[in-house]
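K.L.:
No letters, just coordinates:
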């Protein structure tokens, strides 16, 4: 059916603009259709680094990413220590831990990126990448989290320190609630199962 409609459109374009212009217009429509049909992955989204500049998730293609929405003043904040340990242990095997600060839950994040960065470095020795603070829920959520919502309601963070495991191809393959410690067996098993081979 769609093919028939394209043929009809092509014939109308030829009649109106000539064969060469019609072919160019059809090629553009085919390319646009293919782009719309291409599956979206986590690699299609970009955050801003806390150090400044763009931080596209496509930079981590080929690596496994443990993406965690964080907050400096939360009861789960001590999980930073285990996140850094995971990064230290698995970095050489292709793991990237990515901290995504957010003030969406209980107002538990500093309002200054400099203060967030300083807190993470001084208190936990964080060396893994951290983004600028973003919203993770609601209509103003960062586009990555809007995409997560299309993957299933339960995957959307309900509090700080939700964890998303993104495989080397950019697929969101596992998620864990705040109460799942980064160094718990189930989180480690998920990371190890998806590390690049």
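P.N.:
Looks like it arrived, so ask away. A quick note: this is a predicted structure, and the numbers were derived from the prediction, not measured. Residues are numbered from 1 along each chain as shown.
K.L.:
Identify the residues contacting residue 83.
P.N.:
66, 68, 97, 99, 126, 128, 182 (CB atoms under 8 Å, 6 or more residues apart in numbering). Quick note: C-beta positions are derived from backbone N, CA and C, even for glycine.
K.L.:
just those now: which is nearest residue 158?
P.N.:
Using CB to CB, residue 68 comes nearest to residue 158 of the contacts of residue 83, at 13.7 Å.
K.L.:
ok so, going back, any chance of the contacts of residue 83 in JSON lines, with pLDDT too?
P.N.:
Below are those laid out as JSON lines (pLDDT from 0 to 100):
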{"residue": "66", "pLDDT": "98"}
{"residue": "68", "pLDDT": "98"}
{"residue": "97", "pLDDT": "98"}
{"residue": "99", "pLDDT": "98"}
{"residue": "126", "pLDDT": "98"}
{"residue": "128", "pLDDT": "98"}
{"residue": "182", "pLDDT": "98"}
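K.L.:
Most neighbours among these, please name it.
P.N.:
residue 97 (27 neighbours; other CB atoms under 10 Å).
K.L.:
Moving along the chain from the worst-scoring helix or strand of the chain on mean pLDDT, name the first helix or strand you hit.
P.N.:
Counting by mean pLDDT, DSSP states H and E, the weakest-scoring helix or strand in the chain turns out to be helix 19-37, with a mean of 55. Remark: after helix 19-37, the chain's next helix or strand is strand 46-48, criterion DSSP states H and E.
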